[in-house]
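Engineer: give me the fold of what follows.
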Amino acid sequence: MDSWDLEGIELAARRQAMRVAARAVEERLNADTSDYAGSTAPCACGELARYAGRRSKSFESVLGLLTLQRAYYHCGACGTGFYPRDRTLGLEGGMLSPGVLRMLGMVGAMVSFEEGHELLRELAGVDVSTKHVERAAEALGREVAQDERCVVEPPAGSVGVASTLYLGLDGTGVPMRSSELEGREGKQPDGSSKTREVKLVTVWSAEGRDEEGTPVRDVGSVSYSAAIESAATRDTDKTPSEFAQRVEREAQRRGFDRAQRRVVLGDGAPWVWNLANEHFPGAIQIVDRFHAKQKLSEVAKSIYGPESSLGKEWVRQRYHELDAGDIGAVLDDLRAHAPKDDEARKCIDYIQRNRERMRYAKFRAEGLCTSTGVVEAGCKVAIGTRCKRAGMHWTVAGADAIIALRCYKLSDRFEDFWGRRSADRMAAS
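Structural biologist: Got it, this is the predicted structure:
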């Protein structure tokens, strides 16, 4: 018995069981002729379509390839035909069962299309081409993006609003196909661009504390929403920017305005505070402490060199002053170097613009987060891990679709979306 090929036996048994199950499902579906609604049936155009017999359709299911016999109706008025059962089963316009489509959405959100193809074949026995995985995942992602625009109520089963909610804003570049970059300025030596910026909004709570009393992100509290959208607005614009509208939707879903304390965190970019001032007046604004320290590190390297011990000691002292809330001391020392150092001058401007947002000792005493670590992680987890891998180059539409799908998955919203999708399909049938 020890010489048996257990793996081979398991796989063979599984294949046989799948074939038996597939035939059983196929026979049950085809034995049901209730989709025959009579000699005529109402067409979407408002006229009556004529019954024209039963026709077959093969589609990929989680059990393998199935062939379905179903009633066909043809409308002479508009020249179109339809299959009532395709609507009921979720097969209208496609060759994938809802179960397979759901699998494609999940793998498309989490791994590359090629990896998704391999995972489905190895783990589920579903053999769908890489290109089909891409097309189906992006189509589902477009549905998710539309759902995100329409559904702003809190997810089913969500609990009350935390006493303090944080809203973080950031952006990260995604590599694009050259056709999506024509005429766009960038950071390449020739002034061109290789990426488009994805704007991300993240909302979370941090009611817990670590041993040192520092706020700790609450497990399961983080949600993400992102797209390749502009946050820019003009004084003459009658509506907020696309990204500002996205931020407002996410804030509404999370009950941001109902929190006792509202905090907006960002890296100090002017667009972040413009958006916060416009849409969340009264919210506490905090510049990410690590971004501020990074600015000081750049000054130290510029003045003393990248490996200088004097530079390291200088920046340690500035860190201490910053943490203690002594912004005046930081500015005084920067001004001493400003006449001869451009980085010092830029850092002075950065701190002066954000001085009220860098009162870290005060924020810490009030038990507030002063780091956008959750947002930085969101840029990596929600965007970078999926969309910035070697060799990837996206269209705007493709990237937005997969980002929408991934944000729903990471924010635990995919199941609610799928439930709404199934309910809408059943209502339409």
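Engineer: give me the low-pLDDT residue ranges for the stretch 151-300 of the chain?
Structural biologist: Counting by pLDDT under 70, the ranges of the stretch 151-300 of the chain that qualify are 155-159.
Engineer: quick one, strands of it?
Structural biologist: In chain order, the stretch 151-300 of the chain shows strands spanning 164-175, 195-205, 208-209, 215-216, 223-227, 261-266, 284-287, with DSSP state E, counting those that start in this stretch as the criterion.
Engineer: name whatever forms a beta bridge with Gly64.
Structural biologist: Ser61 (DSSP bridges).
Engineer: so what's the residue count around it?
Structural biologist: Residue neighbour count, defined by other C-beta atoms under 10 Å, stands at 17 for Gly64. Just so you know, the C-beta spots here come from the backbone N, C-alpha and C atoms, and that holds for glycine as well.
Engineer: all helices of the stretch 201-350 of the chain, in order?
Structural biologist: Using DSSP state H, counting those that start in this stretch, the helices of the stretch 201-350 of the chain run over 242-254, 270-279, 289-304, 309-324, 327-337, 342-354.
Engineer: what is the shortest one packed up against?
Structural biologist: I take that to be helix 270-279. For helix 270-279, the helices and strands in contact under the criterion 3 or more C-beta pairs under 8 Å, 6 or more residues apart in numbering; DSSP states H and E are strand 164-175, helix 242-254, strand 261-266.
Engineer: likewise for the fourth one?
Structural biologist: With contacts defined as 3+ C-beta pairs under 8 Å, 6+ apart, the secondary structure elements packing on helix 309-324 are helix 289-304, helix 327-337, helix 360-365.
Engineer: just name the most buried of these.
Structural biologist: Neighbour counts averaged per stretch over those are highest for helix 289-304, at a mean of 19; criterion: mean count of other C-beta atoms under 10 Å.
Engineer: tell me how far that helix lies from the chain's centre.
Structural biologist: A distance of 31 Å separates the C-alpha centroid of helix 289-304 from that of its chain, computed with C-alpha atoms, centre = their mean, to the nearest Å.
Engineer: now swap in stretch 320-338 and tell me
Structural biologist: A distance of 38 Å separates the centroid of the chain from that of stretch 320-338, by C-alpha atoms, centre = their mean.
Engineer: contacts for it?
Structural biologist: Surrounding stretch 320-338, the residues in contact under the criterion C-beta atoms under 8 Å, 6 or more residues apart in numbering are 289, 292-293, 296, 299, 303, 314, 317-318, 344-345, 347-348, 351-352, 355, 358-362.
Engineer: do stretch 135-143 as well
Structural biologist: Identification of contacts with stretch 135-143 by C-beta under 8 Å, 6+ apart yields 94, 96, 101, 104-105, 107-109, 113, 116, 128, 397-398, 400-405, 417, 421.
Engineer: what do you get for stretch 304-312?
Structural biologist: By C-beta under 8 Å, 6+ apart, the surrounding residues in contact with stretch 304-312 are Ala300, Lys301, Ile303, Trp314.
Engineer: and if we set it to 10 Å?
Structural biologist: Residues from elsewhere that reach stretch 304-312, judged by C-beta atoms under 10 Å, 6 or more residues apart in numbering: Ser297, Val299, Ala300, Lys301, Ser302, Ile303, Glu313, Trp314, Val315, His337.
Engineer: dump the residue contacts of the residue found closest to Gly93 once you drop the neighbours it is linked to in the chain.
Structural biologist: Closest residue to Gly93 apart from its sequence neighbours, by C-beta to C-beta, 6 or more residues apart in numbering: Asp86 at 7.9 Å. Contact criterion C-beta under 10 Å, 6+ apart gives Asp35, Lys57, Phe59, Leu68, Arg70, Ala71, Tyr72, Glu92, Gly93, Gly94, Ser429 as the residues in contact with Asp86.
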